[in-house]
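Enquirer: sequence plus predicted model, see below.
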Amino acid sequence: MQLFRQVGYGATTMNAIADAADVHVTTLFVHFKSKQDLAASLNDASLERLEQLVADAKGKTPFFSFFRGVVLNTAKTFQGESDPELTLWQELKKDPELTLAWVDYEQRQIAILADYIAADYGLDPQADYRPTLIAGLLVSSSWFSHRRWSENAARLDLTRETKKALDIAEAMALSVLEKKTARRK
């Protein structure tokens, strides 16, 4: 992941990854058939971390507080990146093989968050669209701010942009939830 962030996905080679990991490239290919498989594995690990965070927080931390904390911490991490041109949004424009992996990642992320929303608000995600639609809205808001920042990093603060996007998306989501459910504090 560090190499992908430093030089970009397209420019990163399996040899460079092996060197950085201090393993022979043959060993790397024993575990991953391709760079795309390795990237998918990184996505899986990220989703497993999210699932663990959700499991630890569910029932203890209200969903919106949890989500805001995770997203703002991520924004603070990315704010320090040396080259916003190497962010995922920019890489998607350059490397089509990432697109399907990204769509899968985003859908899985939305499903995890929708389950949290459903549990927090007593909704059945199989019968009620709201948890999934709200999770999609919130995930999109965080990535829209990230994209805007990556295109204007010299002028914009990612954390501030993310907070503005979250404020709007959260207000929209809460207005939908409040129509039929009692809002949890």
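Expert: Arrived safely, thanks for sending.
Enquirer: ok, then the element right after the worst-scoring helix or strand of the chain on mean pLDDT?
Expert: The helix or strand of the chain with the lowest confidence, counting by mean pLDDT, DSSP states H and E, is helix 88-94 at a mean of 59. Downstream of helix 88-94, the next assigned helix or strand under DSSP states H and E is helix 97-121.
Enquirer: what average pLDDT does that following helix get?
Expert: Summarised as a single mean, pLDDT over helix 97-121 is 90.
Enquirer: buried residues, the following helix or strand past that helix. List them.
Expert: The helix or strand immediately downstream of helix 97-121 is helix 130-151, counting by DSSP H and E. If you call a residue buried by 16 or more other CB atoms under 10 Å, then helix 130-151 has these buried ones: 130-132, 134-139, 141-150. C-beta: built from backbone N, CA, C; applies to glycine.
Enquirer: tell me the angle helix 130-151 makes with helix 97-121.
Expert: 130 degrees (axes from the mean of the first three to the mean of the last three CA atoms, to 10 degrees).
Enquirer: which residues are contacting helix 130-151?
Expert: Helix 130-151 has contacts (CB atoms under 8 Å, 6 or more residues apart in numbering) with 67, 71, 74-75, 78-79, 84-85, 87-90, 106, 109-111, 113-115, 117-118, 121, 123, 125, 156-158, 161-162, 164-166, 168-170, 172-173, 176-177.
Enquirer: hang on, isn't Phe63 packed against Asp115?
Expert: No. Using CB atoms under 8 Å as the test, Phe63 is too far from Asp115 to be in contact (10.1 Å).
Enquirer: ok, these two, which is more surrounded?
Expert: Neighbours per residue, other CB atoms under 10 Å: of Phe63 and Asp115, the larger number sits with Phe63, 24 against 17.
Enquirer: which ones are touching the more buried one?
Expert: Neighbours of Phe63 in contact, by CB under 8 Å, 6+ apart: Leu113, Tyr116, Ile117, Asp120, Tyr121.
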